[in-house]
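Peer 1: Okay, structure incoming, though there's no sequence with it:
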C-alpha cells in the first residue's frame, strides 16, 4: 500500500494546482490524476450529481491504480461529496476546504476574509461555515466567480479578455476591506497574477492546494503510508475524460514535469462500472 | 469532544517548545501540559520504562482533562512509546519524530542531515530510519547531546558555560558538511541561538515542534475535532511532577502566556492509578 499512488481528482485542470504542491512536498510519491473535463463545469450542478461523479471517479482510481489516498482537488466536489466519500472509502480522503479555511484563519489579521469560488461551492456555504467554526471572530465575504473556470480551461491566463473578466468578477469584493482572499476553486491559482493585481498587494491570497498538500503529508506520515522506496519525481499518471491535447498542453505549462501524456478515459467507463451501490 | 483540550507531555520543560507552536497555530484550542520533571531525564532510560511512564501520563491527562488528542512532545517518549500509545488509546496520538523527519527531508539540499538528540532517541535510531524511509538519498549523522537537556532544565540558556557545553557537544558534527540539523529533543529549541552560532548560518535548524503542531492541526481538521467555539488564547493548564516554581519561571520566559501557574502532581498519583493493564 505504501508504494501505491496518491489519487487526485478534479472537474478539470484546476486540480493540477493541488497536484503540483503534492509533487513538491512529496517528491517520491507516485500520483494519478483524473480531470473530468467531459462533464465540466461541476460548479452549477447539484450536490447529489457531483457526489455521484466523485464516487465514480474514486472507484475508477481505486480499480485502476489501487490508490492509497484520495485528494478531492476540487472545491465543488469537496463541498458536495467529501463527507460521503470519507464514509464509503477505507482509504483516507482529503478535501480542499478544511485546509483552505484553516490557512485563511491563520493568515488574516483584520478578520475580514474573502472567498471566491464556483457557484456550487458558494451555495454550499462551507467555506464560511468552516472558517467561522475555526474562529467565529471572522467575517466572510463569499463571491461566485464561476466564469474564471472557463478562462483556465481555455488556457486563457494572461490576455486582455482574461484581465477584464477577473477585474469585473472581483469588483464586488473591493470595498470590503478584506486582508485575505481564499482562491476557493482549484482553477483559480492559475490566475493568481491577475487576481493579485486586482485586489492589490496588501491582500494575502490563500491557495488551499498548498494547505491540502500539507494535510496529505501529515496523514501519510501519521498512518505510515509514505512511500519508503520512491524514486525522486516519478512521472505522474494522467487521465482526462475530455480532450487529451488540450489537457497535456495546459499541464505542461503548469507542472514541472514535461511532457505530460494523459490517457483519454471515456465517461462511459466511469458510469457503467460503478452502478453497484 | 471538540471543546476538550489537547494534551501534551514531556519529561520536562522541553515540550513547551511544541506547546508554543500549538498555541500559535491553534489559538482557540485549550491545552493541558504535563512535564514529568521528577523522573527526568528520560533519555538514558530503557524503552519499556519510558513507555510505562508515557502510559501513566496519558491516563492521567485523559482522566483529568478528557483530552481529545495527545501530543507526545518528547522525542525519547515518541521513539519508545508512540506506536504502543496509538494502539492503546482511541484518541489521536501524535509524536514528534515523523513530522521532524519530514521537515528535515524537505529542508535539505545536499542530503546530508545531522540529528542531535538524547541518548535514548539516538539509540532508537528512529530519526535515521524515518528520514531514510522518506528519502533514501539522504545521509544522516546522529549525535547524542544528552547534557543539553540539563542546561535547559536549569534555565541556563545563555551563559558562558552553556555556550561551552553546546560548542563541545556539537563538535563531532562540524566536519560532516551537513546543511540541515534536526533539533531532535524538544528541549533543544530553547538553545537555538547557541546552536545556530556553533553550526553557522548556512545550516538550517529544524524544530520538529513546528512540524508537529502542523500535523496536529491537520489531524484536528481531518477528524473535525477543532474547537468551534473557542475564545482566543485560553490560559493553558500545566502540571509538573517536579518543582513548580522552577517550571513556572521557565514557562513564563518561553511562552507568550504569563504568568504560568502550574499544579504540582506527585508521581505517586501517576503510578498508583494506572496499574490496570
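Peer 2: Alright, I've got the coordinates. These figures come from a predicted structure and were not determined experimentally.

Peer 1: quick check: longest helix of chain A.
Peer 2: helix A:47-65 (DSSP state H).

Peer 1: The helix or strand following it near chain B at all?
Peer 2: Heading C-terminal from helix A:47-65, the first helix or strand you meet, by DSSP states H and E, is strand A:69-72. No. Judged by C-beta under 8 Å from any C-beta of the partner chain, strand A:69-72 stays clear of chain B, getting no closer than 11.3 Å. No exception for glycine: its C-beta is placed from N, CA and C like everyone else's.

Peer 1: Partner strands of strand A:69-72, with direction?
Peer 2: Partner strands and pairing direction for strand A:69-72 (DSSP bridges) are strand A:6-10 (parallel), strand A:93-94 (parallel).

Peer 1: which one of those strands is the most hemmed in?
Peer 2: The highest average neighbour count among the strands paired with strand A:69-72, using mean count of other C-beta atoms under 10 Å in any protein chain shown, belongs to strand A:6-10 at a mean of 29.

Peer 1: pretty sure residue A:183 contacts residue A:207?
Peer 2: Yes. With contact defined as C-beta atoms under 8 Å, residue A:183 reaches residue A:207; the gap is 5.6 Å.

Peer 1: what residues are shared contacts of the two?
Peer 2: A:189, A:192 (C-beta atoms under 8 Å, 6 or more residues apart in numbering or on different chains).

Peer 1: neighbour-wise, which of those two wins?
Peer 2: A direct count of neighbours by other C-beta atoms under 10 Å in any protein chain shown for residue A:183 and residue A:207 places residue A:183 higher, at 27 against 21.

Peer 1: give me the element the residue of the stretch 151-277 of chain A found nearest chain B is part of.
Peer 2: Per C-beta to the nearest C-beta, the residue of the stretch 151-277 of chain A with the smallest distance to chain B is residue A:218, at 3.7 Å. Using DSSP H and E, residue A:218 falls within helix A:208-222.

Peer 1: Give me the helices and strands touching that helix, please.
Peer 2: When contacts are defined as 3 or more C-beta pairs under 8 Å, 6 or more residues apart in numbering or on different chains; DSSP states H and E, helix A:208-222 sits against helix A:16-25, strand A:69-72, strand A:93-94, helix A:97-107, helix B:97-107, helix B:208-222.

Peer 1: Now mean pLDDT and distance to residue B:197 too, for those, in a markdown table please.
Peer 2: Below are the helices and strands packed on helix A:208-222 laid out as a markdown table (pLDDT from 0 to 100; distance: least, C-beta to C-beta, whole Å):
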| stretch | mean pLDDT | distance to residue B:197 |
| --- | --- | --- |
| helix A:16-25 | 94 | 30 |
| strand A:69-72 | 98 | 41 |
| strand A:93-94 | 98 | 40 |
| helix A:97-107 | 96 | 31 |
| helix B:97-107 | 96 | 19 |
| helix B:208-222 | 95 | 20 |
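
Peer 1: which stretch among the ones you listed comes nearest residue B:232?
Peer 2: Evaluated over the helices and strands packed on helix A:208-222, closeness to residue B:232 peaks at helix A:97-107, with 11.3 Å, by C-beta to C-beta.

Peer 1: Give me the helices and strands touching that closest one, please.
Peer 2: By 3+ C-beta pairs under 8 Å, 6+ apart, helix A:97-107 packs against helix A:75-88, strand A:112-117, helix A:126-134, strand A:180-183, strand A:204-206, helix A:208-222, helix B:208-222.

Peer 1: okay if I get these as CSV plus distance to residue B:173?
Peer 2: Below are the helices and strands packed on helix A:97-107 laid out as CSV (distance: least, C-beta to C-beta, whole Å):
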stretch, distance to residue B:173
helix A:75-88, 44
strand A:112-117, 44
helix A:126-134, 40
strand A:180-183, 41
strand A:204-206, 38
helix A:208-222, 25
helix B:208-222, 17
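
Peer 1: Compare these and give me the one nearest residue A:196.
Peer 2: Nearest of these (C-beta to C-beta): strand A:204-206, 6.0 Å.

Peer 1: hmm, that closest one in reach of chain B?
Peer 2: No. For strand A:204-206, no contact with chain B is found by C-beta under 8 Å from any C-beta; the gap never falls below 14.5 Å.

Peer 1: Centre of the chain to that strand, how far?
Peer 2: 15 Å (C-alpha atoms, centre = their mean, to the nearest Å).

Peer 1: Counting by contacts, list what it packs against.
Peer 2: Packed next to strand A:204-206, using 3+ C-beta pairs under 8 Å, 6+ apart, are helix A:97-107, strand A:180-183, helix A:192-199.

Peer 1: which residues of the stretch 51-200 of chain A score low on pLDDT?
Peer 2: Applying pLDDT under 70 to the stretch 51-200 of chain A flags no residue at all.

Peer 1: Write out the residues of it neighbouring chain B.
Peer 2: Applying C-beta under 8 Å from any C-beta, we find that the stretch 51-200 of chain A lies next to chain B at A:92, A:94, A:98, A:99, A:102, A:106, A:133, A:134, A:135, A:136, A:137.

Peer 1: Wait, the second one touches residue A:219, no?
Peer 2: Yep, that's residue A:94 we're talking about. Yes. Counting by C-beta under 8 Å, residue A:219 is a contact partner of residue A:94 at 6.7 Å.

Peer 1: shared neighbours of those two, anything?
Peer 2: A:69, B:222.

Peer 1: what's the helix or strand for residue A:150?
Peer 2: Secondary structure (DSSP H and E) places residue A:150 in helix A:147-153.

Peer 1: which is the next helix or strand following that helix?
Peer 2: Sequence-wise, the next helix or strand downstream of helix A:147-153 (DSSP H and E) is helix A:160-170.

Peer 1: chain center to that next one: distance?
Peer 2: Helix A:160-170 has its C-alpha centroid displaced from the chain centroid by 21 Å (C-alpha atoms, centre = their mean).

Peer 1: thinking residue A:45 is in contact with residue A:120, fair?
Peer 2: Yes. Assessed by C-beta under 8 Å, residue A:45 is found in contact with residue A:120 at 6.5 Å.

Peer 1: Based on its surroundings, how many neighbours for the nearest residue to residue A:37 once chain neighbours are set aside?
Peer 2: Counting by C-beta to C-beta, 6 or more residues apart in numbering or on different chains, residue A:37 lies nearest to residue A:242, which is 2.7 Å off, once chain neighbours are set aside. Around residue A:242 sit 21 other residues, with neighbours defined as other C-beta under 10 Å.

Peer 1: residues near residue A:76, how many?
Peer 2: Other residues near residue A:76 come to 34 when the count uses other C-beta under 10 Å.

Peer 1: what separates it from residue A:133, distance-wise?
Peer 2: 20 Å (C-beta to C-beta, to the nearest Å).

Peer 1: same check, this time on residue A:178
Peer 2: 19 Å.

Peer 1: how close does the residue lying closest to residue A:94 once chain neighbours are set aside sit to residue B:106?
Peer 2: Leaving out its chain neighbours, the residue that sits closest to residue A:94 by C-beta to C-beta, 6+ apart is residue A:71, at 4.8 Å. Residue A:71 is 18 Å from residue B:106, where distance means C-beta to C-beta.
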